[in-house]
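# Have a look at this prediction, sequence included:
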Amino acid sequence: MTRGVLPVLSARHISKSFGASRALSAVSADFHPAEVVALVGENGAGKSTLLKVLSAVYPRSGGEVTLDGAPYAPHSLREAEAAGIALVFQELNVNRSLGIAENIMLGHLRKYRRLGLIDWKRLNADAQAVLARINADFSVSDDIDRLDLGRLKTIEVARALAINPRFIFFDESTAFLNRGETGRLMAVIRELREQGIGIAFVSHHMHEVFDISDRLIVLKDGALVGSWATAEMTEDRLAELMVGREMAGGLFPPRVPTMTEAAKLELQQVVTASGVGPVELEVASGEILGIGGLKGSGGEAILGAVAGVIALRAGEMRLDGQPFRPGHPADALAAGIAHLPGDRTGEGVITEFSVLENLTLAARPGRGAGLSDRGRMLTLAREQIATLGIKTGSPETMVGELSGGNMQKVVLGKCLATAPGVLLLNNPTRGVDIGAKAEIYRVIRGLAARGMAVIMVSEDLPELLGLSDRVIITRQNRISKVFAQDEEPNEEEVVRWMM
């Protein structure tokens, strides 16, 4: 690591409030060139808020920041970029109606215009040169609609790199990427570090934190816990610092043998309209059936077929022994099937609605004639807030004001509010911190213990193996392996059947 005598970017006693809610309390942190710093902590600890304050997405409520020893106080993201600070957001921010080069040079297109026309040759050459700096394996001439999430995220990194930054902040940028896509982004971050750029990185995945970072900054409840060299830290110790308690019991609650003999849900020679199948599987009441596989290998489509999101081309499903063929998600919901989708902001919650409205959206208790009973809605919402430990100022708080992990809990709470018999989970702890993961796992295991049938698609191998009673693997739209209930496969065995 190359460092000067003084830290290049230094934040002192930074505070940030949103109304009566205190998101940051006198947090101090330093950032250096050619160094990857991981910001870690539970959901709502203040990690993303700190990055957004430093990049001027949010104005700070108190404290001061210096850059090279001089005051640094931008009033907008554009001014921060002019000072050499770039931010890559968690949610995908790529315009698919534009080409790759236009997306990379989005903030600089004016300089490529002459007499009202764009100099495409120069634009493409400059954008390709930026991609070359991070060894991207695609070209500006490629079709943007054919790029996977990892490569689309690389476009965002290239856009940040186009401003010639000194620092790039990554705000949970791997949250929605699969293992291969994440690996490509990690390689890009290493290349940026080699080029002398300072990196601040937020992730809830421990293996990413320990794999990529040089230093850790731990936050809790908006306050600084401390800063450590990554090489001096262990995963267990980091988890304790993040959640404020020892997690001796581990992440996963013990399995309880509560399964019934009869299948709750059966899929027989099912082929989906999206081309997945034929699929044969069953799940019993009280069982957590885990589905593993690479993204797009068929697991999500299986959930979609059961949830009424994807039509069946062939085969049949049976629910409680009776034929079941939902033509619409409402049919599945009416049959007692709840579906937690993989994209929480696109499909799971309405960010402009309150926590109360989102939690009761699918289970609106009514007085009849379409009128909702607000008292019953509040009771139902408060039950889910308490059960899942959703951190919110009140049920009236807008979901868009919550941290990503608490948004995920709202999506799960919306499902549970319908009192389903079958729960479909698509990566249930994506973007969730280790403490919240433990809480969610406890809830899911408790639901199974009370007789609920759970089917879970997960790209997180420890989650897949640690929470599931039984595991099946999908590969190229087929089931490639069914592990028996008494088998306990390791990650290497699972990966072998995925590839």
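Thanks, I have it.
# any weak-confidence spans in the stretch 151-300 of the chain?
Scanning the stretch 151-300 of the chain for pLDDT under 70 picks out 176, 244-250, 257-261.
# For it, which segments count as helices?
179-194, 206-212, 235-243, 299-306 (DSSP state H, counting those that start in this stretch).
# Can you tell me which of these is most buried?
Sort these by mean neighbour count, taking mean count of other C-beta atoms under 10 Å, and helix 299-306 sits at the top with a mean of 25. To be clear about C-beta, it is placed using only N, CA and C from the backbone, and glycine gets the same treatment.
# Can you tell me what sits against that helix?
Here helix 299-306 makes contact (C-beta atoms under 8 Å, 6 or more residues apart in numbering) with 265, 267, 270, 272, 274, 276, 279, 281, 291-293, 309-312, 317, 326, 332, 337, 339, 342, 422, 424, 426, 455, 457, 474, 477.
# Adding distance to Ala82, write the helices of the stretch 151-300 of the chain out as a markdown table.
Shown next, in a markdown table, are those (distance: least, C-beta to C-beta, whole Å):
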| stretch | distance to Ala82 |
| --- | --- |
| helix 179-194 | 19 |
| helix 206-212 | 27 |
| helix 235-243 | 34 |
| helix 299-306 | 41 |
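# for those, which one sits closest to Ser61?
helix 235-243 (24.0 Å; C-beta to C-beta).
# Packing partners of the closest one?
If you count contacts as 3 or more C-beta pairs under 8 Å, 6 or more residues apart in numbering; DSSP states H and E, helix 235-243 packs onto helix 206-212, strand 215-220, strand 223-229, helix 434-449.
# End to end on stretch 112-119, go ahead and measure it.
Length of stretch 112-119, first residue to last, C-alpha to C-alpha, to the nearest Å: 5 Å.
# in it, what counts as buried?
The neighbour-count check on stretch 112-119 (16 or more other C-beta atoms under 10 Å) flags Tyr112 as buried.
# average pLDDT across the helix or strand where Pro323 lies?
Per DSSP states H and E, Pro323 falls inside strand 322-324. The average pLDDT within strand 322-324 is 92.
# So what touches that strand?
Against strand 322-324 from outside (C-beta under 8 Å, 6+ apart): Leu265, Glu316, Met317, Arg318, Ala335.
# Which positions within the following helix or strand past it qualify as buried?
Sequence-wise, the next helix or strand downstream of strand 322-324 (DSSP H and E) is helix 329-334. For helix 329-334, burial by neighbour count (16+ other C-beta under 10 Å) applies to Ala332, Leu333.
# of the contacts of helix 299-306, buried ones?
For those, buried by 16+ other C-beta under 10 Å: 265, 267, 270, 272, 274, 276, 279, 281, 291-293, 309-310, 312, 317, 326, 332, 337, 339, 342, 422, 424, 426, 455, 457, 474, 477.
# Please tell me how far Ile288 sits from Ser139.
43 Å (C-beta to C-beta, to the nearest Å).
# likewise Thr418?
Taken as C-beta to C-beta, the span from Thr418 to Ser139 is 47 Å.
# In strands, which of the contacts of strand 322-324 appear?
Of those, the ones assigned to strands by DSSP state E are Leu265, Glu316, Met317, Arg318.
# What is the most widely separated pair among the residues you listed?
Spanning the widest gap among the ones in strands among the contacts of strand 322-324 are Leu265 and Glu316, at 11.7 Å by C-beta to C-beta.
# Contacts for stretch 335-346, please.
Here stretch 335-346 has contacts from 91, 176, 300, 303, 306-309, 319, 324, 326, 329, 332, 347-348, 351, 362, 404, 407-408, 411-412, 415-416, 418-428, 430-431, 457, using C-beta under 8 Å, 6+ apart.
# typo on my end, stretch 457-464
With C-beta under 8 Å, 6+ apart, stretch 457-464 has contacts from 178-179, 205, 251, 290-295, 299-300, 302-303, 342, 425-430, 437, 441, 456, 467, 471, 491, 494-495.
# Now do the helices in the stretch 1-150 of the chain.
Counting by DSSP H, counting those that start in this stretch, one finds helices in the stretch 1-150 of the chain at the ranges 47-54, 77-82, 100-104, 120-133, 149-161.
# And the fourth one, what's buried?
Yep, that's helix 120-133 we're talking about. Buried, per 16+ other C-beta under 10 Å, within helix 120-133: Leu123, Asn124, Asp126, Ala127, Gln128, Val130, Leu131.
# One more: stretch 170-180?
By 16+ other C-beta under 10 Å, the buried positions in stretch 170-180 come out as Phe170, Asp171, Glu172, Ser173, Thr174, Ala175, Phe176, Leu177, Asn178, Arg179.
# give the contact list for the second one.
Put plainly, it is Asp171. Lys47, Ser48, Leu51, Lys52, Leu87, Val88, Phe89, Gln90, Val202.
# Stretch 391-404 - what's its average pLDDT?
pLDDT averaged over stretch 391-404 gives 81.
# Can I get that stretch as CSV, trimmed to CA atoms?
Extracted C-alpha coordinates of stretch 391-404, given in CSV (Å, rounded to 0.1, in the frame of the first residue of the first chain):
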residue,chain,number,x,y,z
LYS,A,391,-35.7,-1.6,12.4
THR,A,392,-38.2,1.2,11.6
GLY,A,393,-39.1,4.4,13.4
SER,A,394,-42.8,3.5,13.0
PRO,A,395,-45.1,1.4,10.8
GLU,A,396,-45.8,4.7,8.9
THR,A,397,-42.1,5.0,7.8
MET,A,398,-41.6,4.9,4.0
VAL,A,399,-39.9,1.6,3.0
GLY,A,400,-37.6,3.6,0.8
GLU,A,401,-36.0,5.1,3.9
LEU,A,402,-35.0,1.7,5.3
SER,A,403,-31.7,-0.1,4.9
GLY,A,404,-31.6,-2.8,2.3
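# how much distance is there from it to the middle of the chain?
Using C-alpha atoms, centre = their mean, to the nearest Å, the distance from the centre of stretch 391-404 to the centre of the chain it belongs to is 17 Å.
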